[in-house]
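**Student:** need a structure here:
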Amino acid sequence: MSASLVMTMGITLFLLFGFLFAILAVVGYYVGLSGYLIVTIAIALVVLQWFIGPNIIWWTTNMRQVQRKEYPWLFDIIAKICKKTKTPLPERVAIVNDGSPNAFVFGRTPSSATFAVTRGLLNGLTREEVEGVVAHEIGHINHKDMVVMTVAAAIPTIMYFVARFLIYAPSSGSKKSGGGAVLIGIGAFLIYFITNLLVLTLSRLREYYADRFSASQTNPRHLASALAKIAYGLSVSKEHGNDAVRAFFISDPVTARYEMNHFADKYEDFQLTEKELREAMEWEKKNPFARISEIFRTHPLTFKRIKALMEMAKES
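**Tutor:** Okay, the predicted model is just below:
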């Protein structure tokens, strides 16, 4: 893992936990709780999210665990890249019964990670493109992204529920009747907004690093081609799986279907010519709404990722 990625993750988590402890300290002071109890509550909430998160993803996503005999070539690719990069092998490999092309990893630790790939990705991409996607996801395991993002994403969620509780809870006692709870609740909403932007920024950054990891282990052009099929193919897919885990996907299905449906009639077969790819990238590049919305996205704009990969391909 690169030093710059470690530093960025560390600073982001420091800021997130700083905001969390700050708002809980204010709430604790307001309701008369000790600082030690506030810290204990914050840690307990984050640990709970980390512990139950993988189970929630498994239960709410239409996936099943597969054995090597079903997809030996997929297991071979995973094993090869993990061995080459000294990354722990995923504990489980799962197929998501979803026709849209996508892939993701999740878990409590790198050694307990689950590698999940959709039926649509295996059916719509070439073996070389699948290898590029696999390397990208193994990059997330290598960087411990699933652990960092699970913990980080818990903090804005806590902020949101604190804000809702304080603003909408029934008034009781002199403090709440004075509007103090509402003011703290508004502050919590503001911190929720800020922390959510920090998490989204971290999420987009980790995608670039996972792309770079894949490019260093495979041909960057294969991942670039795969990203094109995935992102633009998602815009025409009738299936989109569980949007609640969109941050874990290699490409966000929600933004794809809203932003790239301009090309839906061209991509029904999930195959793109070089001309169609250039047109799609150019359209996305010039679309002001796409560039503005990137601030609120879990993933960078696809054309930026493809452009970076193509530049890496020229350098290799």
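
**Student:** Make sure I have this right: Val105 is in a helix.
**Tutor:** No - Val105 sits outside any helix when classified using DSSP: H, G, I helix; E, B strand; the rest coil, being strand.

**Student:** So what's the residue count around it?
**Tutor:** Residues lying near Val105 (other Cβ atoms under 10 Å) number 23. In this view, the C-beta of every residue, glycine as well, is placed from N, C-alpha and C.

**Student:** List the residues that contact it.
**Tutor:** Pro90, Ala113, Thr114, Phe115, Ala116, Glu137, Ile138, His140, Ile141, Asp145, Met146, Phe248 (Cβ atoms under 8 Å, 6 or more residues apart in numbering).

**Student:** Just those: which are in strands?
**Tutor:** Thr114, Phe115, Ala116 (DSSP state E).

**Student:** can you pick the most crowded of these?
**Tutor:** Result: Ala116 is most packed of those (other Cβ under 10 Å), 30 neighbours.

**Student:** Please name the nearest non-neighbouring residue to it.
**Tutor:** Ala94 (4.4 Å; Cβ to Cβ, 6 or more residues apart in numbering).

**Student:** The one you found in helix, strand or coil?
**Tutor:** Assignment for Ala94 (three-state DSSP): strand.

**Student:** just His299 next, same as before
**Tutor:** coil.

**Student:** Got the phi and psi for it?
**Tutor:** His299 adopts backbone torsions of phi -130, psi 150, taken as degrees, to the nearest 10.

**Student:** separation between it and Ala308?
**Tutor:** Per Cβ to Cβ, to the nearest Å, His299 is found 13 Å from Ala308.

**Student:** So which of the two has more stuff around it?
**Tutor:** Set His299 next to Ala308 and count neighbours by other Cβ under 10 Å: His299 wins out with 25 against 17.

**Student:** The more buried one and Arg206 touch, don't they?
**Tutor:** No - assessed by Cβ atoms under 8 Å, His299 is found out of contact with Arg206, at 9.7 Å.

**Student:** that older thread, any common contacting residues for His299 and Ala308?
**Tutor:** Common neighbours of His299 and Ala308 (Cβ under 8 Å, 6+ apart) do not exist.

**Student:** Can I take it that Val151 is in a helix?
**Tutor:** Yes - assessed by three-state DSSP, Val151 belongs to a helix.

**Student:** shouldn't it be in contact with Val46?
**Tutor:** Yes - in this structure Val151 lies within contact range of Val46 using Cβ under 8 Å: 5.6 Å.

**Student:** Now do the shared contacts for these two.
**Tutor:** If you check Val151 and Val46 against Cβ under 8 Å, 6+ apart, no residue is contacted by both.

**Student:** quick one: contacts for the closest residue in space to Leu301 that isn't next to it in sequence?
**Tutor:** Distances taken as Cβ to Cβ, 6+ apart put Glu294 closest to Leu301, at 5.5 Å, once the chain neighbours are dropped. Contacts here follow Cβ under 8 Å, 6+ apart; on that basis Glu294 touches Arg204, Pro300, Leu301.

**Student:** how close does the last one sit to Asp145?
**Tutor:** In this structure, Leu301 and Asp145 are 19 Å apart, going by Cβ to Cβ.

**Student:** Tell me which of the two has more neighbours.
**Tutor:** Asp145 (29 against 21).

**Student:** quick one: contacts for the residue lying closest to the more buried one once chain neighbours are set aside?
**Tutor:** Counting by Cβ to Cβ, 6+ apart, Arg206 is the residue found nearest to Asp145 once chain neighbours are left out, at 4.8 Å. Counting by Cβ under 8 Å, 6+ apart, Arg206 makes contact with Leu5, His140, His143, Asp145, Val148, Met149.

**Student:** Could you give me the buried positions within the host helix or strand of Arg206?
**Tutor:** Secondary structure assigned from DSSP states H and E places Arg206 in helix 180-217. Across helix 180-217, burial judged by 16 or more other Cβ atoms under 10 Å covers 181-182, 184-185, 187-189, 191-192, 195-196, 198-200, 202-215, 217.

**Student:** now do stretch 123-136
**Tutor:** For stretch 123-136, by 16+ other Cβ under 10 Å, it's Gly124, Leu125, Glu129, Val130, Glu131, Gly132, Val133, Val134, Ala135, His136.

**Student:** Give me the packing partners of the helix or strand hosting Val134, helices and strands only.
**Tutor:** According to DSSP H and E, Val134 maps onto helix 127-142. Judged by 3 or more Cβ pairs under 8 Å, 6 or more residues apart in numbering; DSSP states H and E, helix 127-142 is in contact with helix 72-85, strand 103-106, strand 114-118, helix 119-124, helix 180-217, helix 220-234.

**Student:** circling back to that earlier point, mind giving me CSV with the contacts of Val105 and columns for pLDDT and distance to Ile41?
**Tutor:** As requested, the contacts of Val105 are exported to CSV (pLDDT from 0 to 100; distance: Cβ to Cβ, whole Å):
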residue, pLDDT, distance to Ile41
Pro90, 95, 33
Ala113, 93, 28
Thr114, 94, 29
Phe115, 96, 34
Ala116, 94, 32
Glu137, 96, 34
Ile138, 97, 36
His140, 95, 30
Ile141, 95, 31
Asp145, 89, 26
Met146, 83, 24
Phe248, 56, 27
